[in-house]
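> Sharing a sequence plus its predicted fold:
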Amino acid sequence: MKRREFFKTSLAASVAVLGSTSLSAGETHQPRDDRKVADMAFPEKRPLITYSDRPPLLESPRSTFARGITENDEFFVRWHLPDIPTHIDPDTYKIKIDGLVENEIEITLNELKNDFEQVEVTAVLQCGGNSRSAFDPIAGGIQWGSGAMGCAKWKGVRLRDILNKAGLKKGAHWIGFNGRDNAAYYETPNFVRELEVEELDDHVIVAYEMNGEDLPYLNGYPLRLVIPGYYSDSWVKMLSHITVTDKYKSLFFMDVAYRVPDNECECETPEHKFKPTKPITTMNVKSIIGYPENGMKVYHNSHVVVRGVAFDDGTGIKDVFVSVDGGKTWDNAELKQEHGRYAYTEFRYAYKPVDYGKLTFMAKAVNRLGEEQPFAKDIGWNHGGYKYNGIDEVTVEIV
């Protein structure tokens, strides 16, 4: 299917019938893991857990995280605004750079691919609200399980090289990014994000490829911003406009949404919002078990290999530990790190169950600064349901 014809296919036919997303007080602090994939798939995607078709909201199943690279058709989808262009012509698509620059320019997709140095970075993309359903009481927003994340090989052009071509003027301090999606209601603010110039490094790119292919339409075709180590709210999709300014511009998706309490625990109570707040930026340390999955039956005295992934903001994963006794003792898992510090670290742990009945595997990652995943019960609550990174648990039955 040509991408410019993408939305001529009915997305409405892809909507799954969703069950209740409510949690009662005192229920488990693990993210929900009982939702099934949809019966039908969106174009360029296999069947995924589906929350909405407009805007598209798709979650990857747990089994996805038994591998270090997430395949394009299994990669999660998160849009904020429902009006996504139905016609994208790669031959005429341009990105505009203006504001506090020496030369206001427009760059075509073809020019990006041919007139700049091409670079690649493998990095994790994770929604700031990933695992939000673990919070009790319920926090506002999509009640994601643990599948609003993925890891891909991104190819494109350094943002710094694009800005250098335009030429930053003296006093340039903030960079604003806007994409092609729009609100259905005129008073809804556009999804615009800003970065400070000082936050840029050579890993921040404008990407047009994902795992060796054109970006999937639902993941931001034809261009998206890639900011390794940061939550995905800053990775603007269908990027079309970059504006450089000397002062910060007040924006809804910077000043209201995607913020947590500005205190040590980044937490508050349901009754009282903590002030001041700060934006979520870099990701904290986290791991997810991809295999086995909750509810699986495992044979007694068989050889089970627990597999999963761990990551952080790029500091680097030092250890992943697995427990089978409720966290009383921990064993080292075997690590595989081959795609760089912003990518998933894969882990494996071999175990031979000797008792019948329920068995819970727990996984805990530790990065090179000594930061480690906390027990779920020790995570502070926040109104947005952001940055959950509790120790992951999977319970199987030994038969």
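Good, I have the coordinates.
> ok, now how distant is the spatially most central residue of the chain from Arg160?
Centroid-nearest residue in the chain: Gln126, 1.4 Å away (criterion: CA atoms, centre = their mean). Using CB to CB, to the nearest Å, Gln126 is found at 24 Å from Arg160. The C-beta positions use only the backbone N, C-alpha and C, and glycine is treated the same way.
> All the helices of the stretch 151-300 of the chain, residue numbers only.
159-166, 252-255 (DSSP state H, counting those that start in this stretch).
> ranking those by mean pLDDT, which is last?
When the helices of the stretch 151-300 of the chain are ranked by mean pLDDT, helix 252-255 comes last with a mean of 62.
> where are the low-confidence patches of the stretch 251-399 of the chain?
The stretch 251-399 of the chain contains residues with pLDDT under 70 at 251-255.
> And the strands in it?
259-261, 277-279, 286-291, 297-298, 304-311, 317-323, 331-332, 334-336, 345-351, 357-367, 392-398 (DSSP state E, counting those that start in this stretch).
> is it possible to export these to JSON lines including distance to Ile88 and mean neighbour count?
Conversion of these to JSON lines gives the following (distance: least, CB to CB, whole Å; neighbours: other CB atoms under 10 Å):
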{"stretch": "strand 259-261", "distance to Ile88": "32", "mean neighbour count": "21"}
{"stretch": "strand 277-279", "distance to Ile88": "30", "mean neighbour count": "17"}
{"stretch": "strand 286-291", "distance to Ile88": "33", "mean neighbour count": "24"}
{"stretch": "strand 297-298", "distance to Ile88": "46", "mean neighbour count": "12"}
{"stretch": "strand 304-311", "distance to Ile88": "31", "mean neighbour count": "23"}
{"stretch": "strand 317-323", "distance to Ile88": "37", "mean neighbour count": "21"}
{"stretch": "strand 331-332", "distance to Ile88": "47", "mean neighbour count": "12"}
{"stretch": "strand 334-336", "distance to Ile88": "37", "mean neighbour count": "14"}
{"stretch": "strand 345-351", "distance to Ile88": "34", "mean neighbour count": "20"}
{"stretch": "strand 357-367", "distance to Ile88": "38", "mean neighbour count": "20"}
{"stretch": "strand 392-398", "distance to Ile88": "37", "mean neighbour count": "19"}
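> Out of these, which is closest to Ile107?
strand 277-279 (28.0 Å; CB to CB).
> What is that closest one packed up against?
Applying 3 or more CB pairs under 8 Å, 6 or more residues apart in numbering; DSSP states H and E, one finds that strand 277-279 contacts strand 259-261.
> hmm, who's touching the strand it packs on?
266-268, 273-280, 382, 384, 386-387 (CB atoms under 8 Å, 6 or more residues apart in numbering).
> Make a PyMOL selection of the buried ones in these.
Listed next is the PyMOL selection for buried residues among these, using 16 or more other CB atoms under 10 Å:
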select buried, resi 266+268+274+277+279+280+382+384+386+387
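> biggest separation within the contacts of strand 259-261, which pair?
Between any two of the contacts of strand 259-261 (CB to CB), the greatest distance is 18.1 Å, for Lys275 and Lys387.
> got TSV for the strands of the stretch 251-399 of the chain, with distance to Met210 too?
Formatted as TSV, those follow (distance: least, CB to CB, whole Å):
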stretch	distance to Met210
strand 259-261	28
strand 277-279	26
strand 286-291	20
strand 297-298	34
strand 304-311	17
strand 317-323	23
strand 331-332	33
strand 334-336	21
strand 345-351	19
strand 357-367	25
strand 392-398	26
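> looking at those, which is closest to Lys165?
strand 277-279 (28.3 Å).
> Starting from that closest one, tell me which strands it pairs with and how they run.
strand 259-261 (antiparallel) (DSSP bridges).
> If we only consider the contacts of strand 259-261, which is nearest to Thr360?
Nearest to Thr360 among the contacts of strand 259-261, with distances taken as CB to CB, is Lys387, at 23.8 Å.
> Test my guess that that closest one contacts Asn284.
Yes - assessed by CB atoms under 8 Å, Lys387 is found in contact with Asn284 at 5.8 Å.
> check contacts around the nearest residue to Pro85 once chain neighbours are set aside.
Excluding the flanking residues, the one nearest Pro85 by CB to CB, 6 or more residues apart in numbering is Arg180, at 5.1 Å. Arg180 makes contacts with Ile84, Pro85, Ile88, Met238, Ser240, as judged by CB under 8 Å, 6+ apart.
> Of these, which belong to strands?
Of the positions in those, Ser240 sit in strands, assigned by DSSP state E.
> how about the helix or strand harbouring Asn114: buried residues?
Per DSSP states H and E, Asn114 falls inside helix 109-115. Residues of helix 109-115 classed as buried under the neighbour-count rule (16+ other CB under 10 Å) are Leu109, Leu112.
> Give the rounded mean pLDDT of that helix.
The pLDDT scores in helix 109-115 average 97.
> contact partners of that helix?
Pro90, Asp91, Tyr93, Lys94, Ile95, Gly156, Val157, Val206, Tyr208, Pro222, Leu223.
> List only those of those flagged as buried.
Looks like the contacts of helix 109-115 have Pro90, Tyr93, Ile95, Gly156, Val157, Val206, Tyr208, Pro222, Leu223 buried, using 16+ other CB under 10 Å.
> For those, give me TSV that also has pLDDT and distance to Glu198.
Output for the buried ones among the contacts of helix 109-115, formatted as TSV (pLDDT from 0 to 100; distance: CB to CB, whole Å):
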residue	pLDDT	distance to Glu198
Pro90	95	33
Tyr93	96	29
Ile95	97	22
Gly156	98	21
Val157	98	20
Val206	98	19
Tyr208	98	26
Pro222	97	28
Leu223	98	23
